[in-house]
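J.: I'll drop the sequence and a predicted model, then ask my questions.
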Amino acid sequence: MVTLIAADLHFKQLSTLRAVVDTLMTPVYWIADVPSRIGDWGQTHLQSRASLLENSERLQRENLVLQGRSLQMASLQAENVRLRALLNSSALLRDDVLVAELVGVSPDPARHQLVLNKGANDGVFVGQPLIDADGLVGQILEVSAESSRALLITDATHSVPVQVNRNGVRAIAEGTGVLGSLEVHHVSATTDIQEGDLLVTSGLGGRFPVGYPVATVRAIVRDPGEAFAEITATPTAALDRSRHVLLVFIEAAQQGE
Amino acid sequence: MNDSQGSGYGFILLTFFIACVLAVVPLPGWLMWGRPEWVALALIYWTIALPHRVGILTALVMGVALDVLEGAVLGQNAFSLTVVTALALVLYQRVRVYSLAQQAAVVFVLIGINQLICQWVQNLQGVGARSLFFLLPALTSALLWPVVLTVLRGLRRHYQVS
């Protein structure tokens, strides 16, 4: 038993066993998810006609605004590619996404994990980044055939390389084990970082694609006696509320697209 | 005889499956800290009721299954549930004649041990809880013990699992 614990802590060979058992245990999560599914069904099917109409109108307005914005997007993208070519920088990254639905959350409050309904059969792989509409959510930890398990950025064992969107200062945001709070460690007390700064993924480390929002700086404590500032940040993604998340497939697009 | 034994195993498996489902049903916020240890409760009941059929091996298998379900280190729950079941196997003759309150006290201690072991292993991994709230499931499990006992015993007698 002790060997099993030690082996799983320090080696990776047991992941196949875990994947097999995980595939066998997937129905447990499906059944546990049934009540909230019924709730969702009730909410979507028992809406009044008025609220549906209102919803539709609102979505149409939103769609119009977004389409207007994306008109500019094409020209901006072209300009960006030209400028990058001028700077001789590396190829642009184009990201494809796959929508996954949440079927469960970790029952242990000390672990921030999600169970998703997409697995190896859909091309999900370990280490794949996970985003929602507002920012980075986490990464894939384990994959079984029809489901996968993701680690949230707020888990105590998770860190993500970030940079300040305003000036490009690099740092590492670590999870704290408290939902809705990240800590930015080892930033010297004199670094230019302010409350309200947006932290985006820096792409260093090669795991997360560049430029996804991660968190906004909530508080900075600069103690003259300490070498580093104490920085806490709030994740931008709705970590405990979103039912759907996006799995990002990173592909290097053709240069000079 | 053989037939009734077979259906008995099916029934025991079903209770463990339900315990697994209850162990991962999403709970809101702070309620998560007090989630009863359903699988451990089922194990304790079956070990005390049928020590010749449910024992260490069942605890081991259910533990690995629970580890995978919770995304915990493989062996964490397997280890703790084995210890709890071993203790229950030692105690079952005494526990059977205890009053309900005394039984609940025993369950409190057993689940507490279960939580402590889980906490130790989690600390090895660096994700341990930072307060004593991890012991809350011991209390909720003990409070739920009379319900679990009544339901499982009623069902066991109704289906004549022995």
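T.: Structure's in. What do you need?
J.: Write out the residues of chain B neighbouring chain A.
T.: Neighbours of chain A within chain B, by CB under 8 Å from any CB of the partner chain: B:17, B:20-27, B:32-33, B:35, B:64-65, B:68-76, B:78-79, B:82, B:121-122, B:124-130, B:134. In this view, the C-beta of every residue, glycine as well, is placed from N, C-alpha and C.
J.: Spatially central residue for chain B, please.
T.: By CA atoms, centre = their mean, chain B has its centre lying nearest to residue B:40, at 0.9 Å.
J.: Which of the residues of chain B next to chain A are buried? Put it as a ChimeraX command.
T.: This is how ChimeraX selects the buried members of the residues of chain B next to chain A, with burial counted by 16 or more other CB atoms under 10 Å in any protein chain shown:
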select /B:17,20,21,22,23,24,25,26,32,33,35,64,65,68,69,70,71,72,73,74,75,76,78,79,82,121,122,125,127,128,129,134
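J.: Now do residue 12: how many residues are near it, please.
T.: Since no chain was named, I'll use chain A. Around residue A:12 there are 9 other residues, counting by other CB atoms under 10 Å in any protein chain shown.
J.: actually chain B
T.: Residue B:12 has 20 nearby residues by other CB under 10 Å.
J.: does it count as helix, strand or coil?
T.: Recorded secondary structure, residue B:12: helix (DSSP: H, G, I helix; E, B strand; the rest coil).
J.: Could you check which helix or strand contains the closest residue to residue A:116 other than its chain neighbours?
T.: Using CB to CB, 6 or more residues apart in numbering or on different chains and skipping the chain neighbours, the partner closest in space to residue A:116 is residue A:100 (4.3 Å). Element membership for residue A:100, per DSSP states H and E: strand A:93-105.
J.: who are the neighbours of the next helix or strand after that strand, in terms of helices and strands?
T.: Using DSSP H and E, the next helix or strand after strand A:93-105 towards the C-terminus is strand A:113-116. When contacts are defined as 3 or more CB pairs under 8 Å, 6 or more residues apart in numbering or on different chains; DSSP states H and E, strand A:113-116 sits against strand A:93-105, strand A:136-143, strand A:148-152, strand A:244-252.
J.: of these, which approaches residue A:202 most closely?
T.: Taking CB to CB, strand A:136-143 is the member of the helices and strands packed on strand A:113-116 nearest to residue A:202, at 11.5 Å.
J.: Skip the chain neighbours and tell me the closest residue to residue B:72.
T.: residue A:108 (6.8 Å).
J.: do the same with residue A:96
T.: Distances taken as CB to CB, 6+ apart place residue A:249 nearest to residue A:96, at 4.3 Å, with adjacent residues excluded.
J.: My understanding was that the one you found contacts residue A:98; is that so?
T.: Yes: applying CB atoms under 8 Å, one finds residue A:249 in contact with residue A:98, separated by 6.9 Å.
J.: show me where chain B has strands.
T.: Under the criterion DSSP state E, chain B carries no strands.
J.: could you point out the longest helix in it?
T.: helix B:100-125 (DSSP state H).
J.: picking up where we left off before, my guess is the residue nearest to residue B:72 contacts residue B:70, does it?
T.: Yes: counting by CB under 8 Å, residue A:108 touches residue B:70, with 5.3 Å between them.
J.: Residue ranges in the chain under the pLDDT threshold?
T.: In the absence of a named chain, chain A is used. Along chain A, the parts satisfying pLDDT under 70 run over A:88-95, A:251-257.
J.: switch to chain B, that's the one I care about
T.: B:1-7, B:129.
J.: Report the spatially nearest residue to the residue sitting nearest the centre point of chain A, omitting neighbours in sequence.
T.: Taking CA atoms, centre = their mean as the criterion, residue A:137 is the residue nearest the geometric centre of chain A, at 2.2 Å. Nearest residue to residue A:137, sequence neighbours excluded (CB to CB, 6+ apart): residue A:130, at 4.3 Å.
J.: mind pulling up the phi and psi values for the one you found?
T.: Dihedral angles of residue A:130 (phi, psi; degrees, to the nearest 10) stand at phi -130, psi 130.
J.: and the stretch 101-250 of chain A, which residues reach chain B?
T.: A:104-111, A:113, A:141-142, A:149, A:155-157, A:177.
J.: make it 7 Å
T.: For the stretch 101-250 of chain A, the residues in contact with chain B (CB under 7 Å from any CB of the partner chain) are A:104-111, A:113, A:149, A:156-157, A:177.
J.: Would you mind checking the residues you listed for buried ones?
T.: A:104-111, A:113, A:149, A:156, A:177.
J.: Can you convert those residues into a markdown table and add a column each for distance to residue B:155?
T.: Below are those laid out as a markdown table (distance: CB to CB, whole Å):
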| residue | distance to residue B:155 |
| --- | --- |
| A:104 | 27 |
| A:105 | 30 |
| A:106 | 30 |
| A:107 | 24 |
| A:108 | 28 |
| A:109 | 31 |
| A:110 | 33 |
| A:111 | 32 |
| A:113 | 33 |
| A:149 | 33 |
| A:156 | 40 |
| A:177 | 39 |
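J.: Sounds good, over and out.
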